[in-house]
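> Turn this into a structure:
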Amino acid sequence: MAVNFSGPNLLPAYQTVLEGGDLDWALYTLIGVNELKFVSSGSGGLDEMEDEWSDGKVMWGFVRVKDGNSGLPKFVLINWLGEGVPDSKKGVFPSQSTAVAKFLKGYHISLQARSDADVTPAHIKKRVADSSGSKYSVHNEPAQKYQAPAPVTSSYVPVGRPTITQSRPVAPPTPVGTSYASKQNELAEIRKTQESLIGSRVATAPSTAGIEAPKTMTPPPTFNRPPPPAAAPQPPVVASASFGSSSVPAKSVNPPASSYERPEPVGTSYTPVSLPKPGKLANRWGQPQPTEPESAPSPASRAPISTGKQMTWSERQAAAKKQREEEDAASASAGQQSLGAIPSRAIPAPGAPVAP
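Next up, the predicted model:
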């Protein structure tokens, strides 16, 4: 909803605050539906303006504040929405605040206020100081005597001059001893140890003097036990020839022929198929009929007729055609003879008994 800025005395107080005159704050509110109205103004600063806010109204305040950091004047626009404002007016407050901000130009900070804690002088001054880009206080500090900066040092430590004693040759280290003993005569030492043990056993053996021989006892009865199995014959050992002596060929030891089993040939269960000799084919058409041997065409009928002179192409074609006709006639007569040999079967009349 648009705000109506046609009310009286809207700009004089605002321009006085903006130009740095006697007034340092101006307060506005809405009357009716959307008409902006000038409420009051003053020169008492934030403390005087703090008591002018109403909880049931929509109000805007334009105030001039001195920045504590730089000492320059700053302008603050306060958008007040009291807690007792109806909900219908709270819904259009953001759009109305935008329109009023365009009317009251030149502010540095825009604050949103809902309660008395948001419009206290301490809170507003703190917001102005936090928003200031020049937070310095060097102009308020006393002058200090100039002190030259300390020279720049380094953490470098020189290596120093090398000692000559370290370059002198050092005596070789003392060799480390060992308890290892060579085992070249190990076999002789083992034999010597065994002989000493045997000698000590013989020397410490008890004497048998004064001990009577035990009486002969009857052997216990023996039972019929099967004889132990005969030991397998051991193959003869052939001594190997010593180094430097004459080489004697060793005979190969082979087992007896009876103990060697030769594998038998592998048999087979295959049985060849034997078929009888094929006989003569029987006649399928009944009793065999004597057939007259076909007369072979005479060579004279097959051979072209020679007239003593060379035949022309048309004569040769005529002779060949005649020969083919003769062969066809002979083949037809042979077929008729073979058909006449087949016995014909009579068809019985209807109602006549059929012969078996």
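
> quick one: the strands in the stretch 1-150 of the chain?
All strands of the stretch 1-150 of the chain, identified by DSSP state E, counting those that start in this stretch, fall at 25-31, 35-42, 58-66, 73-81, 109-113.

> and stretch 2-13, average pLDDT?
The average pLDDT within stretch 2-13 is 87.

> Alpha carbons only: can I get that stretch in CSV?
Coordinates of each C-alpha in stretch 2-13 appear next as CSV, following Å, rounded to 0.1, in the frame of the first residue of the first chain:
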residue,chain,number,x,y,z
ALA,A,2,1.5,3.4,-1.0
VAL,A,3,2.1,6.1,1.6
ASN,A,4,0.7,9.6,1.1
PHE,A,5,3.4,12.3,1.7
SER,A,6,1.0,15.3,1.1
GLY,A,7,0.7,16.2,4.8
PRO,A,8,1.9,19.6,6.2
ASN,A,9,5.2,20.3,7.9
LEU,A,10,6.9,17.1,6.7
LEU,A,11,10.1,18.5,5.2
PRO,A,12,11.1,21.5,7.4
ALA,A,13,12.1,19.5,10.4
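
> What residues sit buried inside that stretch?
Across stretch 2-13, burial judged by 16 or more other Cβ atoms under 10 Å covers Val3, Leu10, Ala13. From N, CA and C alone the C-beta is placed, and that goes for glycine too.

> Distance to Glu52 added to the residues you listed, as CSV?
CSV is the format used below for the buried residues of stretch 2-13 (distance: Cβ to Cβ, whole Å):
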residue, distance to Glu52
Val3, 20
Leu10, 17
Ala13, 13
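
> List the ones among those residues that fall in helices.
Ala13 (DSSP state H).

> hmm, back to that, I'd like to know which of the strands of the stretch 1-150 of the chain lies nearest to Arg284.
Nearest to Arg284 among the strands of the stretch 1-150 of the chain is strand 109-113 (128.6 Å), distances taken as Cβ to Cβ.

> Show me which of the buried residues of stretch 2-13 is closest to Lys280.
Among those, Val3 lies closest to Lys280 (Cβ to Cβ), at 138.8 Å.

> That closest one touches Asn34, doesn't it?
Yes. Between Val3 and Asn34 there is a contact at 5.2 Å, judged by Cβ atoms under 8 Å.

> overlap in contacts of the two?
Jointly contacting Val3 and Asn34 under the rule Cβ atoms under 8 Å, 6 or more residues apart in numbering are Gln96.

> And the helices in this structure?
Using DSSP H, helices in the chain cover 11-19, 45-49, 87-103, 121-131, 186-203, 299-302, 313-340.

> And the contacts of the first one?
Counting contacts by Cβ under 8 Å, 6+ apart, the residues outside helix 11-19 that touch it are 22-26, 38, 41, 62-64, 75, 104, 106.

> check contacts around Lys90.
The contact partners of Lys90, taken as Cβ under 8 Å, 6+ apart, are Leu81.

> Please tell me how far it sits from Gly68.
34 Å (Cβ to Cβ, to the nearest Å).
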